[in-house]
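>>> Dropping the sequence and predicted coords here.
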Amino acid sequence: ILGACTTDSDKVEPPVSTAGCLVEGTNNLELNITADLCELEAGTYNLLGVTFVKFGSTLKLHPGVTIKGKTDGSLTALVVEKGGIMHAVGTPSNPIVFTAGTSVPQRGDFGGVVLLGRSQVNTPSGTADIEGLVGVPFGGGGSSTRITNDSSGHLQYVRIEYAGSVLGADNELNGLTWGGVGSRTVSSHIHQYEGLDDCFEWFGGTNSAKYLVASGCDDDIFDYDLGWQGTLQYLVGYHIGITNTDANGIEADGRNGAEESLPRTFAHIANMTLIGNGTSSWNGMRLRRGVGSQIYNSIVTGFGTGTPSGVAVRVDGNTSIRLVNNDSLKAYGLAAWGNGGRVNVSPAAGLVDSVNTRNAAIAKIGTWFVSDTAGVTVTRTNPKPSRAIAGAVTLPTGKGFDAVQYIGAFDPAASSLWINDGIWVRKTNW
């Protein structure tokens, strides 16, 4: 079933049939999208509340589509349920935008975008309910039923603005949330602009992403947990105007209360630049609760210079400390300067030979850093390093990385930055 065609940005001509797609005669999306194909041409469309793309349905958005929340800022979100699909593929000069419908948008005036799938989650059942909503499940269950190569669609050249509706304590929506999403889901060139909670978060799953931009979120820039295993490359994140006292560049967890849960949360990340807001950002990377990761050729600056003080790398919990000491949690070619400190290792009660084990982890983390940072600058307005930083390592093969060898999200020899390609990245308030 085809959605609307537009003659200009303010008027949408309703399609012949709108069942399961648009409310008849309007440009408002149905709360439950049930059409086999709901296809929307360029134009502006509205959400009436929390909107679900149901199992077996596909929402296809063409370049130039803008989807807005409600004019009063009350809760709206777009949720792709397990077995649903969203294809939102814009272009650099004609991106797809999800934004608030208020006249003077603020953080939290739009709920967010949520993709749910049938891949792995390290809970006992292999499923969970997604944060920020009630009774909305994700994950494919046990090893015999999960679909690690599941697809929830394709997002490219997409911007999400003013997200982060809070439903209650520790229950909020992020800018873009992936929950149990499978490896055939494609995500690249996505900008999360001004959010009330995390910019990007992965709850389990096996999907990967490239070219992610996060600016102005009030909590963590990138957050992953519950057994997510994927590859990320070319990430840039900025903290601007933080009010949250524990906002990190990365917050990564295994599973709270069950740190040995499998599949273990394990990321492969390369070419990341994290820029804190100085006194109001906490840690560049907070790695805890049994998370493992391999992080390559990245920059952490501007975190933890206020109260409470933070560091470039903080590792919490006995399991993650053990993973540091056996190199299952490690960074290579990490450039860090201008932070409140370099390393903080915080064990829990019961750590065997706690003093020596903690000191060994601190020493291990100390080897992650490169020394060639004197005089290097990166800023929000110019996130490319002012010069090449020595110490970049060769990226491993077989993980989906592009074979580049420089530190940070941007090639210091490049004449232009990929965030300046078109208008998909919004630079207001940078």
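That came in fine, so what should we check first?
>>> how far does stretch 257-271 stretch from start to finish?
Terminal residues of stretch 257-271 are spaced 31 Å apart (Cα to Cα, to the nearest Å).
>>> just how off-centre is that stretch within its chain?
In terms of Cα atoms, centre = their mean, to the nearest Å, the centre of stretch 257-271 is found 15 Å from the chain centre.
>>> Provide the partner residues of the most centrally placed residue in the chain in its beta bridges.
Among the residues of the chain, the one closest to the centroid is F200, at 2.1 Å (Cα atoms, centre = their mean). Beta-bridge partners for F200, by DSSP bridges, are L176, F222.
>>> mind listing what the residue nearest to A100 when sequence neighbours are not counted touches?
Excluding the flanking residues, the one nearest A100 by Cβ to Cβ, 6 or more residues apart in numbering is D109, at 3.5 Å. Where you see a C-beta, it was placed from the backbone N, CA and C, and this is true even at glycine. Listed by Cβ atoms under 8 Å, 6 or more residues apart in numbering, the contact set of D109 reads 69, 73, 100-102, 162.
>>> Among the residues you listed, which lie within helices?
Among the contacts of D109, no residue falls in helices (DSSP state H).
>>> would you turn these into JSON lines with neighbour count?
Shown next, in JSON lines, are these (neighbours: other Cβ atoms under 10 Å):
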{"residue": "G69", "neighbour count": "29"}
{"residue": "G73", "neighbour count": "19"}
{"residue": "A100", "neighbour count": "23"}
{"residue": "G101", "neighbour count": "20"}
{"residue": "T102", "neighbour count": "17"}
{"residue": "Y162", "neighbour count": "27"}
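>>> pLDDT score for T145?
With respect to pLDDT, T145 has a value of 97.
>>> does it really touch G126, like I thought?
Yes. Here T145 reaches G126: they are 7.4 Å apart, a contact under Cβ atoms under 8 Å.
>>> higher neighbour count, these two?
G126 (22 against 11; other Cβ atoms under 10 Å).
>>> How about the contacts made by that one?
Counting by Cβ under 8 Å, 6+ apart, G126 has contacts 120, 139-143, 145-146.
>>> Ok, G69 next?
Residues in contact with G69 (Cβ under 8 Å, 6+ apart) are 46-47, 76, 99-102, 109-111, 162.
>>> In strands, which of the residues you listed appear?
Counted as lying in strands by DSSP state E, out of the contacts of G69, are 46, 99, 162.
>>> any chance of these in CSV, with distance to E24 and pLDDT too?
Output for these, formatted as CSV (distance: Cβ to Cβ, whole Å; pLDDT from 0 to 100):
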residue, distance to E24, pLDDT
N46, 14, 98
T99, 25, 98
Y162, 29, 97
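>>> The contacts of D109: which two are farthest apart?
G101 and Y162 (9.6 Å; Cβ to Cβ).
>>> and for these two, which residues touch both?
Contacts common to G101 and Y162, judged by Cβ under 8 Å, 6+ apart, are 69, 109-110.
>>> Which of these sits closest to K384?
Out of the shared contacts of G101 and Y162, the member with the shortest distance to K384 (by Cβ to Cβ) is F110, at 30.2 Å.
>>> how about low-confidence regions in the stretch 151-300 of the chain?
Along the stretch 151-300 of the chain, the model assigns pLDDT under 70 to residues 170.
>>> mind listing the strands for it?
Assigned by DSSP state E, counting those that start in this stretch, the strands in the stretch 151-300 of the chain fall at 153-163, 166-168, 171-172, 176-179, 186-195, 200-203, 209-217, 222-225, 229-238, 250-253, 266-275, 285-288, 292-301.
>>> do you know which of the ones you listed lies nearest A42?
Nearest of these (Cβ to Cβ): strand 153-163, 13.1 Å.
>>> Could you tell me how many residues sit around G25?
Summarising burial for G25: neighbours were counted as other Cβ under 10 Å, giving 8.
>>> swap in A348?
A348 has 14 nearby residues by other Cβ under 10 Å.
>>> ok, now which ones touch it?
Contacts of A348 (Cβ under 8 Å, 6+ apart): 316-318.
>>> does it count as helix, strand or coil?
Look at A348: counting by DSSP: H, G, I helix; E, B strand; the rest coil, its state is coil.
>>> tell me the contacts of D327?
D327 sits next to K364 when contact means Cβ under 8 Å, 6+ apart.
>>> Can you tell me how far it is from K364?
Per Cβ to Cβ, to the nearest Å, D327 is found 8 Å from K364.
>>> try P92
Applying Cβ to Cβ, the value for P92 to K364 is 41 Å.
>>> And for D316?
For D316, the distance to K364 (Cβ to Cβ) stands at 15 Å.
>>> Please apply the same query to Y332.
Y332 is 12 Å from K364, by Cβ to Cβ.
>>> what comes up buried for stretch 413-430?
418-419, 423-426 (16 or more other Cβ atoms under 10 Å).
>>> S354 is in contact with P347, isn't it?
Yes. At 5.6 Å, S354 counts as touching P347 under the criterion of Cβ under 8 Å.
>>> And the two? Which one has more around it.
More neighbours surround P347 than the other of S354 and P347, with 19 against 14 (other Cβ under 10 Å).
>>> mind listing what the more buried one touches?
Residues counted as contacts of P347 (Cβ under 8 Å, 6+ apart) are 317-318, 321, 354, 357-358.
>>> nearest to S371, of the contacts of D109?
For those, the nearest to S371 is Y162 (40.7 Å; Cβ to Cβ).
>>> Next up, the contacts around the closest residue to T34 other than its chain neighbours.
Nearest residue to T34 in three dimensions, chain neighbours excluded: G20, at 3.7 Å (Cβ to Cβ, 6+ apart). For G20, the contact set (Cβ under 8 Å, 6+ apart) comprises 1, 30, 32-35, 38, 57.
>>> which SSE is the residue nearest to G204 when sequence neighbours are not counted in?
Among residues not flanking G204 along the chain, V121 sits closest, at 3.4 Å (Cβ to Cβ, 6+ apart). Using DSSP states H and E, V121 sits in no helix or strand.
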